[in-house]
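**Student:** Sequence and computational prediction follow.
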Amino acid sequence: MTDSNELIRLSAAALAAKLAAGDVTSVQVTQAYLDRIAAVDGQVNAFLHVNGEEALAVAAEVDAIRAAGGAAAEELHELAGVPIAVKDLIVTIGQPTTAGSKILEGWHSPYDATVIKKLRAAKMPILGKTNLDEFAMGSSTEHSAYGPTRNPWDLERIPGGSGGGSAAAVAAFEAPLALGTDTGGSIRQPGAVTGTVGVKPTYGAVSRYGAIAMASSLDQIGPVSRTVLDSALLQEVIGGHDPQDSTSLTDPFDNLVAAARTGNVEGMKIGIIKELHGEGYQAGVENRFNESLELLKDAGAEIVEVSCPNFKYALGAYYLIMPSEVSSNLAKFDGVRFGLRVLPKEGPMTIERVMGATRAAGFGDEVKRRIILGTYALSAGYYDAYYGSAQKVRTLIQRDFDAAFAQADVLISPTAPTTAFKLGEKLNDPLAMYLNDVATIPANMAGVPGLSLPGGLADEDGLPVGIQLLAPAREDARLYRVGAVLESLLEEKWGGPLLDRAPELHALDAANTVGGSN
Ligand code: GLN
């Protein structure tokens with residue numbers, strides 16, 4: 001029997017193998033994670049809701065099917081019985097969905113998102129819902145109405161955002177897998193600063209049905225994990241065509257796990273994006289980036305340099321297109337249809353005034369800032385100057401990608417310009433906060449897939465650095481193929497997974513033992 005402290009450290013693939021071999025039961029695995037959450041989440045605050053009873057019931061069901069054997073046991077999905085956490089932007093029956101906002105406090109969805117239906121079909125116990133910046137707007141999870149999540153590497157630092165809860169849960173061994181959403185980097189940047197893996201699939205590869213919309217033309221659901229193979233396994237569970245999402249692709253995306261298992265970069269051209277490193281990037285980030293390039297070169301890849309001159313406008317264009325879509329998508333939170341309703345303190349009780357009072361009390365400052373920005377950008381007199389120009393820039397960014405992919409099979413950059421910053425450091429400086437996403441936003445603007453994996457620790461502060469890989473649309477398999485190679489080369493160099501070197505995690509482990517849940 002593996003003890004529960006070892007169990008929670010296994011990758012999802014290793015857990016799946018142990019479950020299939022009958023070495024452990026899903027109830028044991030699920031309980032080990034629930035115990036870990038009980039012991040450390042008071043410090044990390046990765047979860048907004050823990051779904052223990054239902055998760056254990058699903059686990060028991062998987063165990064019963066396995067114990068009975070026969071056709072039903074054989075038909076179980078490879079990840080059956082492997083637990084998962086879900087970003088609280090994705091709607092679920094039986095658990096609250098808050099989007100990190102007061103305006104949805106206490107709201108329960110009457111339906112499941114498509115990805116949730118797929119997790120249920122694969123019989124993966126859902127451990128609970130994870131914290132996020134309100135409506136996924138932010139890079140630090142400090143904009144959650146329910147308090148910030150803390151980075152398990154250093155509890156005084158941010159875990160990235162908006163999906164800081166999912167990344168921190170996986171980094172702190174509170175879940176082996178999680179779902180995130182990525183509109184401008186919210187899966188990849190939290191992955192980078194917590195030493196975990198995060199993937200934004202090709203736009204349309206995973207159904208968005210049931211992901212509360214932030215900016216629909218940019219949003220994408222994707223996997224969060226501790227290994228590249230685990231993300232591939234999860235993307236195959238959640239991906240595939242969905243008629244309920246009009247932008248869903250019909251490609252099967254069923255070659256991802258095979259790509260991760262047979263990783264090989266020999267003869268591949270890997271393009272360094274000139275505009276996405278160097279000036280403005282922390283020295284330790286740059287050093288780890290260069291080290292990864294050397295490793296890939298030694299493994300037989302050809303490193304080339306590409307230029308994407310329009311990427312310098314990506315952040316500016318994103319902060320026009322995204323808020324424009326936000327202002328439209330968030331209009332439905334009107335105090336009538338969902339969640340919170342606040343009545344005006346005095347004066348006439350008109351619908352407009354109830355709506356105003358509800359939105360004033362229910363939305364936080366960052367959400368209001370973006371609604372105002374978007375409403376302004378879309379207003380009649382300014383539409384062409386702002387939204388129209390931003391759409392043109394978007395086309396130029398897509399063309400830059402096309403030109404770059406004519407020269408390279410995969411592109412590479414640091415995921416974020418810096419390591420995790422301190423809580424509160426950028427909270428009152430929106431522009432500094434927005435700059436975290438310079439390297440991740442272009443992929444959303446063009447719909448191409450991106451993967452972030454741990455690239456080591458920065459020399460200055462000993463904190464994780466993320467390496468980002470980008471591939472052409474529909475070529476998600478390439479990310480897993482190259483990602484798996486780079487991951488194994490790096491782990492060989494470090495002598496094990498990066499998360500083994502997290503000092504704060506060891507402090508959390510001590511708390512886990514003292515907490516005495518077993
Ligand atoms: N940090 C970016 C923003 O604040 C990205 C958010 C996201 O990907 N959901 O918009």
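**Tutor:** In hand now; what should we look at?
**Student:** The closest residue to Thr227 other than its chain neighbours and Leu34: what is the separation?
**Tutor:** In this structure, Thr227 finds its nearest non-sequential neighbour in Ser11, 4.7 Å apart by CB to CB, 6 or more residues apart in numbering. Using the backbone N, CA and C atoms, a C-beta is placed for each residue, glycine as well. Between Ser11 and Leu34 the computed distance is 19 Å (CB to CB, to the nearest Å).
**Student:** who's more crowded, these two?
**Tutor:** Leu34 (23 against 19; other CB atoms under 10 Å).
**Student:** wait, what's in contact with the residue nearest to the spatial centre of the chain?
**Tutor:** Nearest to the geometric centre of the chain sits Ile187, at 2.4 Å (CA atoms, centre = their mean). Contacts for Ile187 were tallied using CB atoms under 8 Å, 6 or more residues apart in numbering; they are Gly163, Ser166, Gly180, Thr181, Gly198, Val199, Lys200, Gly222, Pro223, Val224, Ser452.
**Student:** burial of the fifth one, as a residue count?
**Tutor:** Which is Gly198. For Gly198, the count of nearby residues is 34 (other CB under 10 Å).
**Student:** How much space separates it from Ala72?
**Tutor:** 34 Å.
**Student:** Validate this expectation: Leu127 resides in a strand.
**Tutor:** Yes: counting by DSSP: H, G, I helix; E, B strand; the rest coil, Leu127 is found in a strand.
**Student:** beta partners for the spatially closest residue to Ala404 that is not a sequence neighbour?
**Tutor:** Once flanking residues are discounted, Ala404 sits nearest to Val306: 4.2 Å by CB to CB, 6+ apart. With DSSP bridges as the criterion, Val306 is bridged to Ile273.
**Student:** May I have the predicted confidence score for Val306?
**Tutor:** The score at Val306 is 98. That number is its pLDDT.
**Student:** what helix or strand does Gly180 sit in?
**Tutor:** Assigned by DSSP states H and E, Gly180 belongs to strand 177-181.
**Student:** so what does that strand touch, helix or strand wise?
**Tutor:** Helices and strands touching strand 177-181, by 3 or more CB pairs under 8 Å, 6 or more residues apart in numbering; DSSP states H and E, are strand 84-87, helix 164-171, strand 221-225, helix 228-238.
**Student:** Adjacent strands (with direction) for it?
**Tutor:** strand 84-87 (parallel), strand 221-225 (antiparallel).
**Student:** In contact with Ser216, which residues?
**Tutor:** Each residue near Ser216 by CB under 8 Å, 6+ apart is listed here: Arg208, Thr247, Glu325, Asn329.
**Student:** what about Pro497, distance to Leu320?
**Tutor:** Separation of Pro497 from Leu320 (CB to CB): 40 Å.
**Student:** Compare those two and say which is more crowded by neighbours.
**Tutor:** Leu320 (24 against 17).
**Student:** which phi and psi does the more buried one have?
**Tutor:** Backbone geometry at Leu320, expressed as degrees, to the nearest 10, gives phi -110, psi -50.
**Student:** mind checking how far the closest residue in space to it that isn't next to it in sequence is from Arg150?
**Tutor:** Using CB to CB, 6+ apart and skipping the chain neighbours, the partner closest in space to Leu320 is Ala390 (3.8 Å). According to CB to CB, Ala390 and Arg150 sit 35 Å apart.
**Student:** Counting neighbours, go ahead and name the busier of those two.
**Tutor:** Neighbour count, other CB under 10 Å: between Ala390 and Arg150, Arg150 has more, with 24 against 21.
**Student:** how about the more buried one, what does it touch?
**Tutor:** With contact set as CB under 8 Å, 6+ apart, Arg150 has these partners: Gln43, Val44, Asn45, Glu156, Arg157, Ile158, Pro159, Ala168, Leu423.
**Student:** ok, of the residues you listed, which one's closest to the ligand?
**Tutor:** Among these, Ile158 lies closest to the ligand (CB to the nearest ligand atom), at 11.4 Å.
**Student:** picking that back up, can you pick out the most distant pair from the contacts of Ile187?
**Tutor:** Maximum pairwise distance among the contacts of Ile187 (CB to CB): 14.5 Å, between Thr181 and Ser452.
**Student:** Test my guess that the residue nearest to Ala404 contacts Lys274.
**Tutor:** Yes: counting by CB atoms under 8 Å, Lys274 is a contact partner of Val306 at 6.8 Å.
**Student:** These two: who's more crowded?
**Tutor:** Taking neighbours as other CB under 10 Å, Val306 and Lys274 compare with Val306 leading, 21 against 15.
**Student:** Check the gap between Arg369 and Ser101 for me.
**Tutor:** 14 Å.
**Student:** and these two? which has more neighbours close in?
**Tutor:** Neighbours per residue (other CB under 10 Å) separate Arg369 from Ser101, with Ser101 holding more: 28 against 15.
**Student:** which non-adjacent residue is nearest that one?
**Tutor:** Distance criterion CB to CB, 6+ apart; nearest residue to Ser101, sequence neighbours excluded, is Glu134 at 4.6 Å.
**Student:** With Pro464 instead?
**Tutor:** Gly195 (3.5 Å).
**Student:** what number of residues lie near that neighbour?
**Tutor:** 30.
**Student:** coming back round to it: the ligand: which of the helices and strands packed on strand 177-181 is closest?
**Tutor:** strand 84-87 (9.6 Å).
**Student:** In CSV, list the helices and strands packed on strand 177-181 along with mean neighbour count, distance to the ligand and mean pLDDT.
**Tutor:** CSV is the format used below for the helices and strands packed on strand 177-181 (neighbours: other CB atoms under 10 Å; distance: least, CB to the nearest ligand atom, whole Å; pLDDT from 0 to 100):
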stretch, mean neighbour count, distance to the ligand, mean pLDDT
strand 84-87, 30, 10, 99
helix 164-171, 36, 10, 98
strand 221-225, 31, 10, 98
helix 228-238, 27, 17, 98
